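>>> Structure here, sequence nowhere to be found:
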C-alpha cells in the first residue's frame, strides 16, 4: 500500500527486463522463475487495480442497495404502482417539511418547542382525515404527546415516533443543512424527525390510493422519549392504552443505521443503584475486626462479583456508569452527578454506584436481579450494602409474529425493486417506545425510519435516499396486510 508510483513502475520495468532474459536465473530455470514471478506480478497488478478503484466499487455497491430497480414494477399491482409514484413525486416536499421541523428546537425540556413540532404534524394529518389530540404532560413533568387516529375497520396499526430530541436550547447544533442532493445534517434529523416524516409520508401515500379507508391507524408521537418524565408509567399510559387496542405496531426509529435491516427485538432497560456503607475510622485499622473494610472495598467487591459471575450471557449487559465514595457523598439523582469528600487516611463510610441493566426478556431480567441481590448481600466484614432496581423500558422480545412481519416487509422491498430486509442484531438496538407496545400486539417491527449516522451528536446526518425507500416499502406492507386481513 505504501509503494509510490515510481516504485511500482520500477518493479514492472525490472520484471519485464527479467522475462526478456536480462536477469540471472537465481538458482532455478528461467522458465520456472518467469512463471513464478508472472503469477506474483499478476496478483500485484490486480491489487493495484482494486486499490485504485476501491471507492468507485464501494459507491457502486451502496447505490445498488439504495437504488430501486424499476424493472421490478411487474411485481406491483396497478394500485401499488400508483402508491410508489405518489411517494416519489413528493420527496422534495417531504424534505422541505423535514427541514421545517428540524429547525424547530424540540429538546425534551423545551416544552413549547415539543408542542410546536406536534402542531406541525397535526396540521399535516388532519387533511388526511385524522382526528388529532394532545396528551398533556404535566402529570409526568414533560410537554406531552401528540396522538392521531383514523378509521374503525380492518387491521389496526399503531405507528410510533417521538417529537423530542437530545438537543436543548443551549446546544450549538440547531439548524438543518442540506449538504448535497442525498445528505443533510441537523439536530434530530434521523432521531427521529426523519422517521416521523417517513411515517407521515406512509399515511399520505396510502391516502392517495384510498387504502386508508380499509384500515385503522393510530399515531403516537411521544414528547419525552429522549428524557422520560416521572413517573414513567404515567407518561406511557396513553401509549399502552393505544397498544391494547391495536393489532400491529410499527415504529420509525433509525435502527442500527443499515437500511437493509429492521428491528425485531430490543433489550429492556433497568436502572440500578448500589449503596455501600462502612465504619469510619483511621486507615491504620482497615481490615481489622473492629473497623472492617470500608464502603469502597465493599463496592469494589460487589462490582467484581457482578463481572465474575454474570458476564458472558447472550444479550446481557450491566454497566456501572457513576461511582462516588468517601467519608461523605452527595448524589444528585435527577441530573446523574454528585460529589464526594474523603481522605487517604480515613476508612470510607459511604459509596454509591449507579448503572444500567439490559436484558432481552422479562424472565431473564428477574433472574439477573436475583443473582445481583445475592452478590450484594455477601458483605465484607464491617460493611453493609443494598441494591435498588428501577425498571424503565421493557424488553421487546423476538416473536414469531415479528418474524412474519419482517418476511412481509422484505417481500414488499424486493417487489418494489429494493434489496431484501433482514433482522438486525438486538445488541445494536437500544431501548425505545415500541417496547411498551410490542408485548400487547400480534406483530411489531421497528427501525423503519430514515437512516444516517451520528445520532445524539452535533454531526448527526441523514441519508435522504432512504426517505422514499422506507416510505414505499412500509406503505406497501400496510396496504398488503389490509388487503388480505382476516381478524
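On my side now, so go ahead. Predicted model, so just to flag it, every value in this text is computed and none were measured.
>>> and residue 258, how many residues sit next to it?
16 (other CB atoms under 10 Å). Yep, even glycine has a C-beta here, placed from its N, CA and C like the rest.
>>> That one touches residue 463, doesn't it?
No: counting by CB atoms under 8 Å, residue 258 does not reach residue 463; the two are 10.7 Å apart.
>>> Overlap of the contact sets of those two?
residue 451 (CB atoms under 8 Å, 6 or more residues apart in numbering).
>>> For residue 443, which residues are in contact?
Counting by CB under 8 Å, 6+ apart, residue 443 has contacts 247, 248, 249, 399, 401, 402, 404, 405.
>>> run the last query once more with 6 Å
248, 401, 402, 405 (CB atoms under 6 Å, 6 or more residues apart in numbering).
>>> tell me the SS of the third one?
Of the three states, residue 402 takes helix according to DSSP: H, G, I helix; E, B strand; the rest coil.
>>> and the closest residue to it other than its chain neighbours, how many residues sit next to it?
Leaving aside its sequence neighbours, residue 402 sits nearest to residue 264 (CB to CB, 6 or more residues apart in numbering; 4.4 Å). By the criterion of other CB under 10 Å, residue 264 has 25 neighbours.
>>> Strands of the stretch 301-450 of the chain, residue ranges please.
Assigned by DSSP state E, counting those that start in this stretch, the stretch 301-450 of the chain shows strands spanning 317-326, 328-332, 337-341, 350-359, 384-393, 422-423, 443-445.
>>> Go through those and pick out the most buried.
Among the strands of the stretch 301-450 of the chain, ranked by average contacts under mean count of other CB atoms under 10 Å, first place goes to strand 443-445 (a mean of 26).
>>> Adjacent strands (with direction) for that strand?
strand 248-251 (parallel) (DSSP bridges).
>>> now what about the strand it pairs with, what contacts it?
In contact with strand 248-251 (CB under 6 Å, 6+ apart) are residues 157, 158, 159, 160, 434, 437, 441, 443, 444, 445, 446, 448.
>>> average pLDDT across it?
For strand 248-251, mean pLDDT is 98.
>>> Tell me the first helix or strand C-terminal of that strand.
Per DSSP states H and E, the first helix or strand lying C-terminal to strand 248-251 is strand 261-262.
>>> Pairing partners for that next one, with directions?
strand 422-423 (parallel).
>>> hmm, which two among the contacts of strand 248-251 are most spread apart?
441 and 448 (15.0 Å; CB to CB).
>>> circling back: who wins for neighbours among the contacts of strand 248-251?
residue 160 leads those on contacts (other CB under 10 Å) with 32 neighbours.
>>> can you give me the offset of the helix or strand encompassing that residue from its chain's centre?
Secondary-structure assignment from DSSP H and E places residue 160 in strand 156-162. From the chain centre to the centre of strand 156-162 is a distance of 17 Å (CA atoms, centre = their mean, to the nearest Å).
>>> Quick one: residues in contact with that strand.
By CB under 6 Å, 6+ apart, strand 156-162 touches 192, 195-196, 199, 216-222, 225, 242-243, 246-252, 433-434, 437.
>>> Geometric centre of this structure: which residue is closest?
In the chain, the residue lying closest to the centroid (CA atoms, centre = their mean) is residue 255, at 4.0 Å.
>>> Quick check: closest non-adjacent residue to that one.
Per CB to CB, 6+ apart, closest to residue 255 is residue 447, 2.6 Å.
>>> for residue 293, same thing?
residue 380 (4.2 Å).
>>> That neighbour: what's it in contact with?
So residue 380 contacts 293, 297, 298, 301 (CB under 6 Å, 6+ apart).
>>> One more: residue 408?
Counted by CB under 6 Å, 6+ apart, residue 408 has contacts residue 477.
>>> give me that answer again for 7 Å
477, 480, 481 (CB atoms under 7 Å, 6 or more residues apart in numbering).
>>> Appreciated, that's everything.
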